[in-house]
Structure formats: C-alpha cells, structure tokens
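> Below is the sequence, then the predicted model.
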Amino acid sequence: MSVITLVHGRERQLDNVIRGLEQGNLMPEAFWVVFMNQPARDLHSECFPIHCLVVDDASHGLPLAKARNAVRQCGGEHWVFLDVDCIPSQSLLSDYAAALRERPEALHLGEVRYLPSTARMEDWTQATLMRDGVAHPLSQYRGKPGSLLAHHLFWSLNFACTREVFERIGGFDEGYLGYGAEDTDFAFSARHQGVELRVAAALAFHQYHPTWRPPLNHFSAIVANAQRFHQRWAQWPMEGWLGEFAELGLVSWTSDSLEILRHPTDAEVDACLDKAGSGF
C-alpha cells in the first residue's frame with residue numbers, strides 16, 4: 001500500500017505523520033509526499049521509502065485537486081490518502097488493507113478524531129492520541145466498518161481506494177481552485193460511476209490548527225467552487241456555510257444562483273476565528 005500526503009508548510013505535522021506511519025503494525029510500500037507551491041524537503045525513514053513530488057500553481061491558492069491527481073505518478077495499486085494534519089493510528093494501514101481485500105471495488109472512508117488545542121503533542125503516544133482525540137459531530141452518521149455511507153458525507157482527510165477505482169471515478173476535478181467542494185465533487189463522481197462509499201475502521205488523529213466558523217478566510221474560493229459544483233450537479237454544496245454567508249449580507253443565494261454582494265472585511269474574518277480550540 002502506498003500512502004499519499006499533500007503538503008504546504010506544515011513541517012511539524014508532516015514529521016508527525018511519518019512518525020505515526022513508523023509506529024504502524026503494517027508498513028507502507030512507499031510514502032509519497034506532494035509538495036504544493038514549494039520545494040520538496042529532504043525526508044527519510046528507516047522503515048519505508050519516501051518519494052517527493054512538486055506541484056506548482058500559485059495562480060489561485062493551493063492546487064489541491066491537481067496535487068491529488070499527481071498520485072497517478074505513484075507506484076502501487078492500493079492508495080491511502082492521508083491529510084498532512086492527520087497522524088495515523090497504529091492499525092490504520094492494516095484496517096485499510098482488510099477493507100480493500102473485502103471490497104476492492106469501493107471507496108473507503110476512515111475515521112478522524114480531532115485533537116483540541118489542549119492536546120498533548122510534544123511527546124505524544126498512541127495512548128495519548130486516543131485519550132485526547134474527540135469525535136466530530138458528523139461521526140454519528142457512520143455505521144459499522146464495511147457498511148455503506150452516503151456519498152455527501154465523504155471527506156478527503158483519510159480515505160483509500162485502488163488505482164483502478166481512482167481512475168474509474170476520474171480523479172479530482174482540477175477546475176476547483178483553493179478550498180471547498182472538490183472532495184464532495186469526487187464523491188459525487190464516484191456515485192455517478194457506481195462506486196460505493198464504505199465505512200473503514202482506519203483511524204487517524206487530526207492535529208489542531210485554528211478554524212473559522214464560518215470559514216470567511218476562504219470566502220472567495222468557497223463561492224467559486226460552490227458555483228462550479230452547482231453547474232455540474234444541479235445542487236449546492238456547503239449549504240450551511242452559504243446560508244451563513246447570506247445572513248451576513250455577503251452573497252445573494254437562491255436555489256438557482258449564487259452571487260457575491262460584497263467581500264468580508266478583515267474584522268469580520270477575525271470575528272469568525274473559533275476560540276473554543278476544538279479544531280473542527
């Protein structure tokens with residue numbers, strides 16, 4: 001199995017991902033790191049080979065979809081996509097290996113627990129991650145491992161599929177630029193191609209970083225990507241955020257259209273910074 005992680009900055013977080021993989025009960029065939037809009041770092045592990053790719057496109061923020069599609073240059077037939085903020089649990093790869101053996105034709109979504117700002121990180125262990133990790137509220141909709149999951153609940157922090165399934169889905173649409181909706185589009189493409197979304201036991205722990213509610217720091221990208229999504233699927237993604245944007249008088253939003261009325265001020269963006277420290 002090959003593990004793929006996208007990176008921009010996040011040096012400490014990436015080091016924790018490598019450390020987590022080294023503690024696993026199954027080693028990856030290779031760890032592929034795709035650096036976005038920055039040079040590759042010199043990375044090494046005694047446990048598995050690390051390969052680095054570079055994807056540059058600074059015209060519209062981070063080229064997330066393009067970087068994920070760079071997986072086509074990676075080796076192996078079984079791919080695990082792990083966000084750079086996610087430390088894998090000891091059994092993550094073995095859980096995915098079991099899921100892919102059972103259902104190689106499916107897309108598999110692992111579990112993510114969030115580490116709050118108070119979590120112990122300097123000398124973390126699997127035990128402290130398990131102790132400090134908090135389930136996301138949406139995790140209540142996850143069934144038992146192996147069960148079907150609605151495609152709109154897909155999230156790209158922690159998932160796996162075969163090379164064949166990735167190509168059947170068509171990869172990620174590179175027309176989405178910056179933050180928002182590109183992973184939901186990927187899941188809808190999977191549904192359109194008859195690819196089931198299945199729950200996997202594979203657990204990862206999301207390292208804390210500040211969040212904005214709603215994410216006004218990604219306002220322009222969210223609006224543009226929502227418009228593209230609606231053009232493709234005749235429905236709106238991220239409806240909760242779009243509703244909050246409308247309540248703030250930032251957009252005009254109907255069942256058929258979404259238009260920017262004004263951009264948020266710096267003060268409005270700052271006011272949305274989550275002070276609770278939950279990380280989600």
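Perfect, I can see it now.
> For stretch 55-67, which outside residues touch it?
Stretch 55-67 has contacts (CB atoms under 8 Å, 6 or more residues apart in numbering) with 6, 8, 34-37, 70, 171-179, 182, 221. C-beta: built from backbone N, CA, C; applies to glycine.
> where does the stretch 51-200 of the chain have low pLDDT?
60 (pLDDT under 70).
> Try it again at 90.
Applying pLDDT under 90 to the stretch 51-200 of the chain flags residues 57-63, 74-75, 120, 122, 137-141, 177-180.
> How are the strands of it distributed by residue range?
Taking DSSP state E, counting those that start in this stretch as the test, the strands found in the stretch 51-200 of the chain are 78-82, 86-88, 107-114, 134-135, 158-162, 197-206.
> Make a ChimeraX selection of whichever of the contacts of stretch 55-67 turn out to be buried.
The following ChimeraX line selects those of the contacts of stretch 55-67 that are buried, judged by 16 or more other CB atoms under 10 Å:
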select :6,8,34,35,36,37,70,171,172,173,176,177,178,179,182,221
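> Please name the residues that touch His115.
For the record, residue 115 is Leu, not His. Met121, Leu129, Asp132, Gly133, Val134, Phe205, His206, Gln207, Tyr208, Gly279.
> Quick check: the farthest pair among these?
Maximum pairwise distance among the contacts of Leu115 (CB to CB): 14.3 Å, between Met121 and Val134.
> Take the contacts of Leu115 and lay them out in TSV including neighbour count and distance to Pro237.
Converted to TSV, the contacts of Leu115 look like this (neighbours: other CB atoms under 10 Å; distance: CB to CB, whole Å):
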residue	neighbour count	distance to Pro237
Met121	17	32
Leu129	24	31
Asp132	18	31
Gly133	21	27
Val134	16	25
Phe205	28	26
His206	21	21
Gln207	22	25
Tyr208	20	25
Gly279	21	22
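> outside of the longest helix along the chain, which residues touch it?
Longest helix in the chain, counting residues (DSSP state H): helix 219-233. With contact meaning CB under 8 Å, 6+ apart, helix 219-233 is reached by 60-61, 173, 175-182, 184-185, 188, 215, 235-238, 241-242, 245, 250-251, 258, 260, 263-264, 269.
> Which ones among these lie within helices?
Per DSSP H, these map to helices at Glu182, Thr184, Asp185, Phe188, Trp241, Leu242, Phe245, Val269.
> which SS state does Tyr20 fall under?
Residue 20: Gly, not Tyr. Recorded secondary structure, Gly20: helix (DSSP: H, G, I helix; E, B strand; the rest coil).
> can you pull the contacts of it?
Applying CB under 8 Å, 6+ apart to Gly20 gives the contacts Ile87, Pro88, Ser89, Leu92.
> Not counting sequence-adjacent ones, nearest residue to the third one?
Using CB to CB, 6 or more residues apart in numbering and skipping the chain neighbours, the partner closest in space to Ser89 is Leu203 (4.1 Å).
> do the last one as well
Spatial nearest neighbour of Leu92, chain neighbours left out: Ala202 (4.5 Å); criterion: CB to CB, 6+ apart.
> can you redo the contacts of Gly20 as TSV with neighbour count and distance to Leu53?
Shown next, in TSV, are those (neighbours: other CB under 10 Å; distance: CB to CB, whole Å):
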residue	neighbour count	distance to Leu53
Ile87	27	22
Pro88	30	20
Ser89	26	26
Leu92	30	22
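> Could you single out the nearest of these to Arg19?
Using CB to CB, Ile87 comes nearest to Arg19 of these, at 7.6 Å.
> ok, what's across the strand from the closest one?
Phe205 (DSSP bridges).
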